[in-house]
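[1] Can you look at this prediction? I've put the sequence above it.
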Amino acid sequence: MFAWMLSSAAPGQAREILGQLPPPVRALYRAIWKPRFEKTKRW
């Protein structure tokens with residue numbers, strides 16, 4: 001869900017939101033969630 005929400009956020013907003021998350025969650029986002037979201041075909 002984070003990748004979907006952050007995909008439409010401005011870069012500064014995404015950085016701010018990610019900065020509020022604990023380091024393990026940020027690592028999961030960057031290593032797993034975002035790459036999988038970017039590979040997924042939409043529409």
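    It's in. None of the values given here were measured: they were computed from a predicted structure.
[2] which residues touch Trp43?
    Applying Cβ atoms under 8 Å, 6 or more residues apart in numbering, one finds that Trp43 lies in contact with no residue. Placement of C-beta: from N, CA and C, glycine included.
[3] Excluding chain neighbours, what is closest to the most centrally placed residue in the chain?
    Ranked by distance to the mean C-alpha position of the chain (Cα atoms, centre = their mean), the top residue is Ala3 at 3.6 Å. Once its chain neighbours are removed from consideration, Ala3 has its nearest residue in Phe37; the separation is 3.4 Å (Cβ to Cβ, 6 or more residues apart in numbering).
[4] Equivalent analysis for Leu6, please.
    Leaving out its chain neighbours, Leu6 is closest to Ala14 (Cβ to Cβ, 6+ apart), at 4.6 Å.
[5] what's the distance between that neighbour and Val25?
    As defined by Cβ to Cβ, to the nearest Å, Ala14 lies at a distance of 14 Å from Val25.
[6] So the two - more neighbours on which side?
    Neighbours were tallied for Ala14 and for Val25 using other Cβ atoms under 10 Å; the higher tally belongs to Ala14 (17 against 13).
[7] just how off-centre is stretch 14-24 within its chain?
    Here stretch 14-24 is found 9 Å from its chain centre; the criterion is Cα atoms, centre = their mean, to the nearest Å.
[8] pLDDT of it, averaged?
    Mean pLDDT, computed over stretch 14-24, is 94.
[9] How about residues contacting that stretch?
    For stretch 14-24, contacts defined as Cβ under 8 Å, 6+ apart pick out 5-6, 9, 26, 29.
[10] mind saving the C-alpha coords of stretch 30-43 as PDB?
    As requested, C-alpha coordinates have been extracted for stretch 30-43 and formatted as PDB (Å, rounded to 0.1, in the frame of the first residue of the first chain):
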ATOM      1  CA  ARG A  30      13.000   0.400  -0.900                       C
ATOM      2  CA  ALA A  31      14.100  -3.200  -1.200                       C
ATOM      3  CA  ILE A  32      10.800  -5.000  -1.800                       C
ATOM      4  CA  TRP A  33       7.500  -3.000  -2.000                       C
ATOM      5  CA  LYS A  34       8.600  -0.300  -4.400                       C
ATOM      6  CA  PRO A  35      10.400  -2.600  -6.900                       C
ATOM      7  CA  ARG A  36       7.400  -5.000  -7.000                       C
ATOM      8  CA  PHE A  37       5.000  -2.100  -7.500                       C
ATOM      9  CA  GLU A  38       7.000  -0.700 -10.400                       C
ATOM     10  CA  LYS A  39       7.100  -4.200 -12.100                       C
ATOM     11  CA  THR A  40       3.300  -4.600 -11.800                       C
ATOM     12  CA  LYS A  41       1.400  -3.900 -15.000                       C
ATOM     13  CA  ARG A  42      -1.400  -1.500 -14.400                       C
ATOM     14  CA  TRP A  43      -4.200  -0.800 -16.900                       C
END
